[in-house]
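> Fold the following and give me the result.
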Amino acid sequence: MKILLVSDAYPPEIRSASHLMQELAEELARRGHSVTVATCRPQYNLTESDSQAAFADVAVENGVRIIRIDTLPHHKVNFIVRGISQVTLPFLFWSKLKTHLANGVDAVLVYSPPLPLWKVGYKVKKRFGARFILNVQDIFPQNAVDLGALRNPALIRFFEHMERTAYRLADIVTVHSPGNRDFLIRMKRAAPEKLVNLHNWVDVSKNERAASSGAFREKLGLGDRFVFFFGGVIGPSQGLDLVVEAANRLKNQKDIVVLLVGDGAEKGRLEGLARGYGLENILFHPFISKDDYRNLLTEIDVGLVCLTSLNKTPVVPGKILGYMGSSVPVLAFLNRESDGHRIIRDAGCGYSVVSGRCENLVDLMLRMYRERDRLRTIGENGRSYAARHFTKEICVDRLEELLSHE
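Numbering: from 1, shown residues only. Got it, this is the predicted structure:
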């Protein structure tokens, strides 16, 4: 099949979305499909070297054709600018894409958010008779309403209409957990027959827990301390104030340190909060490459997953599966509705608590510190569960069926 994947992020940008799309694209290419990815030109969440690099408009990487498109800023900007930018995305994408699709398209998958990119999928469907799958990760505009980023009633109605239209015109709408499917049905956003549960995947084959080199511990001066680690976007949705508050309450536990690797709109404020407390047990570090990230996971003790309770949808952060695939024990504080609680419980790969009460997070951090002799078993529980349910092969098998269904 000739398959088009549409996503606003793709490596070298360091985001769960970009890595998910890369793994999907390369796996589909490995299976003999002709795969094209349409994405934004890299400009966010980059390593220092990649931020200085130039990227061709069209390139072939690991058997996948990548088309990179210039867009307006849509991250690290206020919501109004971001909204305008996202609304323009489908027009910029289609203007560039239509000159590169002379051989047609059999199937198109659009990753959402950003939701407006659904229009690219529908244009491809109409032009080429392609099967159109909308892969929904965050339920927009509900998540923006929950976080208080979208308050204007007229804009809410506008985006809710866009959401229902997108779901109606897609052939299939995939969501990454049963709770997300139930939510969309309960809210009458989409017809039940359109909604398919398709778990996100993790490449377990590359993530087996290896012996630690200790290079990052040496570089960052961590020594033998017990490391709670968070890696990724540091934004309002994560609610990482709670981690800083927990670090403040644990500052007399000299063996415990919190390491946050990444960037985002909230990073500067959180660094200021940590400085205000005079904390020496929390470290901030810029984004690192995907390979360096895998190596770093061999040197930490516990992986943190964070979502503020302002979120009201059953979203499952991709970091949960990433830690599980790498045999890293998980400590998650999530909104009550998240399906992540169930996954962590069923896998026996760590602990989760409803976000909001710092005391609960501190108690669990201390519990895992005291249980450090059991952490290897807890981490292996996660990897074993991921190998049974979330491997790339299992999930892409299912997606390949959806893409090719007549």
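> Tell me where the stretch 301-406 of the chain has helices.
Listed in chain order, the helices of the stretch 301-406 of the chain (DSSP state H, counting those that start in this stretch) span 318-325, 340-347, 358-370, 375-389, 392-404.
> so which of those helices gets nearest Q52?
Using Cβ to Cβ as the measure, helix 318-325 is the one of those that comes nearest Q52, at 26.8 Å. All C-beta atoms are positioned from the backbone trio N, CA, C, and that covers glycine.
> Which residues outside the closest one are in contact with it?
Where contact means Cβ atoms under 8 Å, 6 or more residues apart in numbering, the residues beyond helix 318-325 that reach it are 16-17, 20, 200-204, 207, 230-232, 297, 303, 305, 329-330, 332, 340, 343-344, 347, 349-350, 382-383, 385-386, 390.
> can you rerun that using 7 Å?
Outside helix 318-325, the residues that touch it by Cβ atoms under 7 Å, 6 or more residues apart in numbering are 16, 20, 200, 202-204, 207, 232, 303, 305, 330, 332, 340, 343-344, 347, 349, 382-383, 385-386, 390.
> so who does L364 touch?
With contact set as Cβ under 7 Å, 6+ apart, L364 has these partners: 331, 351, 353.
> got a winner among those for most neighbours?
L331 (24 neighbours; other Cβ atoms under 10 Å).
> right, and that residue touches C306 too?
No - under the criterion of Cβ atoms under 7 Å, L331 is not in contact with C306, lying 9.5 Å apart.
> Could you pull up phi and psi at L101?
Main-chain dihedrals, L101, degrees, to the nearest 10: phi -120, psi 40.
> Report the central residue of this structure.
Compute the mean C-alpha point of the chain, and by Cα atoms, centre = their mean the closest residue is S16, 3.4 Å away.
> Need the nearest residue in space to L403, chain neighbours excluded.
A107 (4.2 Å; Cβ to Cβ, 6 or more residues apart in numbering).
> What residues does the one you found make contact with?
A107 makes contact with 1, 3, 130-131, 403, according to Cβ under 7 Å, 6+ apart.
> try 10 Å
The contact partners of A107, by Cβ atoms under 10 Å, 6 or more residues apart in numbering, come to 1-5, 28, 33, 121, 124-125, 128, 130-133, 171, 399-400, 402-405.
> In ChimeraX, select just the buried ones from these.
Selection of buried members from these for ChimeraX, criterion 16 or more other Cβ atoms under 10 Å:
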select :1,2,3,4,5,28,33,121,124,125,128,130,131,132,133,171,399,400,402,403
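> all strands of the stretch 1-150 of the chain, in order?
Applying DSSP state E, counting those that start in this stretch to the stretch 1-150 of the chain gives strands spanning 2-6, 34-40, 58-61, 64-69, 107-112, 131-136.
> so which of those gets nearest R181?
strand 131-136 (9.7 Å).
> tell me the angle that closest one makes with strand 2-6.
Relative orientation of strand 131-136 and strand 2-6, computed by axes from the mean of the first three to the mean of the last three Cα atoms, to 10 degrees: 30 degrees.
> residues contacting the closest residue to E266 other than its chain neighbours?
Distances taken as Cβ to Cβ, 6+ apart place I234 nearest to E266, at 5.1 Å, with adjacent residues excluded. For I234, the contact set (Cβ under 10 Å, 6+ apart) comprises 240, 243, 260-271, 284, 306.
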